[in-house]
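Enquirer: Fold the following.
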Amino acid sequence: MPTILLIIAVTFCTICSQLILKSGVGSIVQVLRQEGIVAFLWAAATSPQVIGALAVQGTGYVIWLFVLAQSRLSTAFATAGSFFYLAMAAASWFFYGERLTPLQWFGLVLISVGVLVLNLTAK
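Expert: Coordinates of the predicted model:
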């Protein structure tokens with residue numbers, strides 16, 4: 001499988017796990033406020049959503065092993081990071097209504113252009 005598709009799969013796993021984790025933590029945040037850190041950590045450790053998020057993230061790590069076996073760490077990580085930043089900003093907006101300012105979007109575009117330059121000059 002082409003490395004870029006594997007990187008996209010890792011990015012998808014990371015984004016999905018973070019969205020699930022955000023939802024899971026959101027459902028137990030009252031435990032932190034009312035009962036403290038230890039109770040919150042226990043609630044997180046036993047939350048089906050948190051456990052599911054960890055499983056999805058673990059799948060991403062397994063896929064990442066194949067990425068690392070086929071490409072340079074520096075370019076693979078930069079590419080994954082670029083995809084991750086843009087996709088996470090879009091997913092956070094779509095699922096949670098989070099907004100970025102135009103300057104923040106510009107910063108994300110700059111990161112992506114930098115990764116493109118890194119990849120174009122790496123060969």
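Enquirer: Could you use CA atoms for every contact and neighbour count after this?
Expert: OK.
Enquirer: Setting the sequence-adjacent residues aside, check what's closest to Gly24.
Expert: Nearest in space to Gly24, with sequence neighbours left out and distances taken as Cα to Cα, 6 or more residues apart in numbering, is Gln49 at 5.0 Å.
Enquirer: same thing with Thr79?
Expert: Using Cα to Cα, 6+ apart and skipping residues adjacent in sequence, the residue nearest Thr79 is Val115, 6.1 Å away.
Enquirer: next structured bit after the helix or strand Gly60 falls within?
Expert: Secondary structure assigned from DSSP states H and E places Gly60 in helix 48-70. Tracing the chain C-terminally past helix 48-70 and defining elements by DSSP H and E, one meets helix 73-96 next.
Enquirer: packing partners for that next one?
Expert: Under the contact criterion of 3 or more Cα pairs under 8 Å, 6 or more residues apart in numbering; DSSP states H and E, helix 73-96 touches helix 3-35, helix 102-121.
Enquirer: just so I know, which of these lies nearest Tyr96?
Expert: Each of these has some distance to Tyr96 by Cα to Cα; the shortest is helix 3-35, at 8.9 Å.
Enquirer: buried ones in that closest one?
Expert: By neighbour count, and taking 16 or more other Cα atoms under 10 Å as the criterion, the buried residues in helix 3-35 are 3, 6-25, 28, 31-32.
Enquirer: Low-confidence ranges, this protein, go.
Expert: In the prediction, the chain carries residues with pLDDT under 70 at positions 122-123.
Enquirer: one more time with 80, if that's ok
Expert: 1, 116, 118-123 (pLDDT under 80).
Enquirer: ok so, going back, how about a markdown table for the helices and strands packed on helix 73-96, with distance to Leu54 added?
Expert: Formatted as a markdown table, the helices and strands packed on helix 73-96 follow (distance: least, Cα to Cα, whole Å):
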| stretch | distance to Leu54 |
| --- | --- |
| helix 3-35 | 7 |
| helix 102-121 | 26 |
